[in-house]
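> dropping a prediction and its sequence here:
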Amino acid sequence: MPTVHLRSKDSTTPARSESAISIRGAIKRYGDVTAVDGLDLEVPYGICLGLLGPNGAGKSTTMRLLTAQSRADAGEISVLGHPLPRESKTARALMGVVPQQDNLDEELTARQNLEVFAHLYRVPKADRAAAVGRALQVAQLVDRADTKADDLSGGMRRRLLIARGLVHRPRLVLLDEPTVGLDPQVRQELWSLVAALRAEGVTTLMSTHYIEEAERLADECALMSHGRVVARGTPAALIAEHAGTHVDEHHGSPERLAEIADLAAASGIRTRRTGPSVSLLAAERQPESLREKLGAPTVTRAASLEDVFVILTGESVE
Ligand SMILES: Nc1ncnc2c1ncn2[C@@H]1O[C@H](COP(=O)(O)OP(=O)(O)OP(=O)(O)O)[C@@H](O)[C@H]1O
């Protein structure tokens, strides 16, 4: 990964807000569906916050509210100190947005795609060539600058999409499911790109339903379920609070597993079903009496963010 400078040079003039993003009590309804349901979210400057949640949790809707593509039915939202929707134009010009859907112009080359956005983001004419050159470097597409987007591989297009959102060196970047549907190798490449942003101190809000992605890249995670944040903290803190230090997995017949789950619940120990086993979270907290009734677990393993995700959202993971 080349050393690239992604952060805005104008960071000497930070907005006078405490958070890069502030969402208070936001509600967004689509007919009978409440996609965002009283959402509170503060993103301090300089961190990468992972917005983690299952499909339908409201992550994309939250992103759309922040880019003012959607208007909240209630609540207060401000981005880089600019209240939305009143100052959405200013806010949009200051942030970089990387959408979930690939919306590159396929007829244009990589360079031309970046030029169009440098223009849209009002990069001064004299600086545009340098901005585009830097973005090509970020995307590692210097050699493919004159290739039409249509002829780039899936991974190259994703990198271009991210670099396009960075062409004006924004202080805040919104990444909506940056690696959804990509193969593991391409995902790894994009992770280095996001890690570079983080190292540069660019504030990043990244929605994802890949737990590993959040665990690797995010300083903090906000776990979203049914339109609101149900837990927030560093991955380590979330694991310690909700899943303890270790998990006991018990295998057995379906009847035995149901019995184990009932016994654990009666002792206030949370469980999750994983295929042919039942897992006791924070197993170190189980009383001796329960341990005696259950016998030795089949496997004992370290608690993970996946355990937290499953227990708090009630969803399984891919
Ligand atoms: N334009 C829309 N019209 C109607 N319902 C919508 C619309 N956009 C989102 N929804 C609904 O709002 C809820 C939240 O959707 P949203 O796309 O924000 O979730 P998500 O967490 O981003 O999930 P995914 O990972 O699948 O994108 C879902 O029930 C979805 O069907």
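Okay, I see it.
> quick one: secondary structure of residue 230?
When classified by DSSP: H, G, I helix; E, B strand; the rest coil, residue 230 comes out as strand.
> any figure for the gap between it and the ligand?
As judged by C-beta to the nearest ligand atom, to the nearest Å, residue 230 and the ligand stand 13 Å apart. All C-beta spots, glycine's among them, are computed from the backbone N, C-alpha and C.
> just residue 294 next, same as before
Going from residue 294 to the ligand by C-beta to the nearest ligand atom gives 36 Å.
> quick one, what contacts that residue?
248, 250, 260, 263, 264, 280, 286 (C-beta atoms under 8 Å, 6 or more residues apart in numbering).
> any buried residues in stretch 187-207, and which?
Neighbour-count burial for stretch 187-207, with 16 or more other C-beta atoms under 10 Å as criterion, is recorded at 187, 189-191, 193-194, 196-198, 200, 202-207.
> what lies in contact with stretch 97-115?
So stretch 97-115 is contacted by 60, 63, 67, 116, 128, 131-132, 135-136, 139, 141, 144-150, 152, 156-158, 160-165, 167, 173-178, 180 (C-beta under 8 Å, 6+ apart).
> same check on stretch 134-148?
Counting by C-beta under 8 Å, 6+ apart, 1-2, 4-6, 106-111, 114, 118, 133, 152, 156, 159-160, 162-164, 166-167, 189, 193, 196 sit against stretch 134-148.
> gap between the two ends of it?
Terminal residues of stretch 134-148 lie 18 Å apart, using C-alpha to C-alpha, to the nearest Å.
> residues near whatever residue of the stretch 151-300 of the chain ends up closest to the ligand, how many?
For the stretch 151-300 of the chain and the ligand, the shortest gap (C-beta to the nearest ligand atom) falls at residue 209, measuring 5.5 Å. Per other C-beta atoms under 10 Å, the neighbour tally for residue 209 reads 22.
> re earlier: buried only: go through the contacts of stretch 134-148 for me.
Neighbour counting with 16+ other C-beta under 10 Å marks 4, 6, 109-111, 114, 118, 152, 156, 159-160, 162-164, 166-167, 189, 193, 196 as buried within these.
> quick one: which of the residues you listed sit in helices?
Per DSSP state H, helices hold the following members of those: 110-111, 114, 118, 156, 159-160, 162-164, 189, 193, 196.
> out of the residues you listed, which are close to the ligand?
Among those, no residue is within reach of the ligand (C-beta under 6 Å from any ligand atom).
> export those residues as TSV, with columns for distance to residue 295 and pLDDT.
Shown next, in TSV, are those (distance: C-beta to C-beta, whole Å; pLDDT from 0 to 100):
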residue	distance to residue 295	pLDDT
110	61	96
111	65	96
114	62	96
118	65	94
156	54	89
159	52	89
160	56	92
162	51	90
163	56	90
164	57	93
189	46	79
193	48	81
196	49	83
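> may I have stretch 275-289 exported as PDB, CA atoms only?
C-alpha atoms of stretch 275-289 as PDB (Å, rounded to 0.1, in the frame of the first residue of the first chain):
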ATOM      1  CA  GLY A 275     -26.100 -26.000  14.700                       C
ATOM      2  CA  PRO A 276     -25.900 -29.200  16.700                       C
ATOM      3  CA  SER A 277     -24.800 -27.500  19.900                       C
ATOM      4  CA  VAL A 278     -25.900 -24.900  22.400                       C
ATOM      5  CA  SER A 279     -23.500 -22.300  23.600                       C
ATOM      6  CA  LEU A 280     -23.400 -20.700  27.000                       C
ATOM      7  CA  LEU A 281     -22.200 -17.100  26.900                       C
ATOM      8  CA  ALA A 282     -20.100 -15.700  29.700                       C
ATOM      9  CA  ALA A 283     -19.700 -19.300  30.900                       C
ATOM     10  CA  GLU A 284     -17.400 -18.200  33.700                       C
ATOM     11  CA  ARG A 285     -20.400 -16.600  35.300                       C
ATOM     12  CA  GLN A 286     -22.300 -19.800  35.600                       C
ATOM     13  CA  PRO A 287     -23.000 -21.100  39.200                       C
ATOM     14  CA  GLU A 288     -21.300 -24.300  40.300                       C
ATOM     15  CA  SER A 289     -24.700 -25.900  40.700                       C
END
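> looking at the ones in helices among the buried ones among the contacts of stretch 134-148, which two lie furthest apart in space?
118 and 189 (23.3 Å; C-beta to C-beta).
> related to what we said a few turns ago, mind putting the contacts of residue 294 into TSV with secondary structure and distance to residue 26?
Shown next, in TSV, are the contacts of residue 294 (DSSP: H, G, I helix; E, B strand; the rest coil; distance: C-beta to C-beta, whole Å):
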residue	secondary structure	distance to residue 26
248	strand	39
250	strand	41
260	helix	41
263	helix	41
264	helix	36
280	strand	36
286	coil	39
